[in-house]
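Participant: Predicted coordinates and the sequence they were generated for:
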Amino acid sequence: MKKKIAAVVIAVILLGLLGSSVVVTAENEYSMIRQFGRISRVIDHPGLSLKIPFIQTTDTFPKETLLYDLVPSEVITRDKKTMITDSYVLWRISEPMKFAQTLNGSVMNAESRINTAVYNALKNAISSMNQDAVITSRDGELSELVLERIDAGMDQYGIELLMFETKQLDLPEDNKEAVYERMISERDNIAATYTAEGNSAAQVIRNTTDKEVAISISEAKKQAEILVAEGEAEYMRILSEAYDTGEKTEFYSFVRSLDALRTSMTGQEKTVVLSSDSPIAQIFDGYEN
């Protein structure tokens, strides 16, 4: 009976030793092994591992991407205007051993370092910009600028910052309305400038077009007058050739007199009274003789 009890006791002790010597590492975490309080090693792969029971202890810290939400804070722009920022950071542990050695494997310690580095970078970035530029830049431009300014010394903690985003970038309530009114006024002035420049350009185009039209009309009239003059000259040449003898000239005068007489006979009155010295009367008198 005593042997059985002893065997059970030994079995329990062995199971206890075995249980305290096994380290279970999950997929989403690192296991940190300490020996007498000092960091001995970090297990970065999931599964079962062994440690020295009662001498070595185990702590864990996360392996997945973590979110740190910064506390909203005030920052000053280059033109001495106050703004309220509310932002967050995505980060992860890139070097677990370095993280364990420098920050004692503490996520809280890591967030403290991140908070200081990101806030200083954000403050420096906004202090280099005027308030209008900060408001118009918002997330994209400002986020890139902040990430560029974050101290590269974050690597010494085994931490990698994956993303910085601004949830809210706003003005204090006491001067928000005044700033928006000033920005609206500035945009109205810019719009008025563009409108004036557009009207000026349009007037230049109209003046140029009117000038080109006037030149075209003048040129067309000039060509028309040239054509009329050429036509009349050709007409006179043809007449001169047609009536180049005395008989033809007399006949032409006769025809022209008849045309003039026909033109003068208007209305119902068809009687024409001519003086004896009238050229038309002389023509008719000559034919009668």
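Facilitator: Thanks, I have the structure now.

Participant: so is Glu64 in a helix, a strand, or just coil?
Facilitator: Look at Glu64: counting by DSSP: H, G, I helix; E, B strand; the rest coil, its state is coil.

Participant: quick one: contacts for Glu219?
Facilitator: Glu219 makes no contacts at all, as judged by C-beta atoms under 8 Å, 6 or more residues apart in numbering. No exception for glycine: its C-beta is placed from N, CA and C like everyone else's.

Participant: so it is in which element?
Facilitator: Using DSSP states H and E, the element containing Glu219 is helix 176-242.

Participant: what's the answer for Lys123, then?
Facilitator: helix 107-127.

Participant: Now that helix: buried residues?
Facilitator: 110-111, 113-115, 117-119, 121-123, 125-126 (16 or more other C-beta atoms under 10 Å).

Participant: Next, the angle from the helix or strand following that helix to helix 176-242.
Facilitator: Toward the C-terminus, helix 107-127 is succeeded by helix 131-149 as the next helix or strand (DSSP H and E). For helix 131-149 against helix 176-242, the angle by axes from the mean of the first three to the mean of the last three C-alpha atoms, to 10 degrees is 110 degrees.

Participant: Tell me the confidence at Gly158?
Facilitator: Gly158 carries a pLDDT value of 90.

Participant: what number of residues lie near it?
Facilitator: Number of residues near Gly158 (other C-beta atoms under 10 Å) recorded here: 20.

Participant: and it, what is it in contact with?
Facilitator: 93-100, 102-103.

Participant: returning to that earlier point: can I get the buried residues of helix 107-127 in a markdown table with distance to Pro62?
Facilitator: Listed next are these as a markdown table, based on distance: C-beta to C-beta, whole Å:
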| residue | distance to Pro62 |
| --- | --- |
| Ala110 | 10 |
| Glu111 | 12 |
| Arg113 | 16 |
| Ile114 | 14 |
| Asn115 | 17 |
| Ala117 | 19 |
| Val118 | 19 |
| Tyr119 | 23 |
| Ala121 | 24 |
| Leu122 | 25 |
| Lys123 | 28 |
| Ala125 | 29 |
| Ile126 | 31 |
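
Participant: quick one: Pro62 from Val107, how far?
Facilitator: Using C-beta to C-beta, to the nearest Å, Pro62 is found at 7 Å from Val107.

Participant: quick revisit: what lies in contact with the helix holding Lys123?
Facilitator: 61-62, 66, 68, 70-71, 73, 75-78, 83, 85, 87, 89, 91, 93, 99, 103, 134, 142, 145-147, 149-151, 153-154, 157, 159, 161, 164.

Participant: Tell me how far it lies from the chain's centre.
Facilitator: 30 Å (C-alpha atoms, centre = their mean, to the nearest Å).

Participant: Next, the angle from that helix to helix 131-149.
Facilitator: Using the same axes, to 10 degrees: helix 107-127 against helix 131-149 is 140 degrees.

Participant: tell me the mean pLDDT over helix 107-127?
Facilitator: 90.

Participant: for stretch 197-217, same thing?
Facilitator: 88.

Participant: average pLDDT for stretch 32-52?
Facilitator: 81.

Participant: and stretch 204-217, how far from the chain's centre?
Facilitator: 37 Å.

Participant: What's the local residue count around Glu212?
Facilitator: Neighbours around Glu212, by other C-beta under 10 Å: 10.

Participant: ok, now how distant is it from Leu90?
Facilitator: 63 Å.

Participant: What of Pro62?
Facilitator: Taking C-beta to C-beta, one finds Pro62 at 13 Å from Leu90.

Participant: And for Ala121?
Facilitator: Taken as C-beta to C-beta, the span from Ala121 to Leu90 is 15 Å.

Participant: Ile126 now?
Facilitator: 21 Å.

Participant: Help me confirm that Phe99 comes into contact with Ile93.
Facilitator: Yes: with contact defined as C-beta atoms under 8 Å, Phe99 and Ile93 form a contacting pair (4.8 Å).

Participant: higher neighbour count, those two?
Facilitator: Ile93 (27 against 24).

Participant: Quick check, pLDDT for that one.
Facilitator: Turning to Ile93, the model gives it a pLDDT of 90.

Participant: residues in contact with it?
Facilitator: 30, 61-63, 99, 110, 158-160.

Participant: next one: phi and psi at it?
Facilitator: With angles defined as degrees, to the nearest 10, Ile93 sits at phi -90, psi 110.
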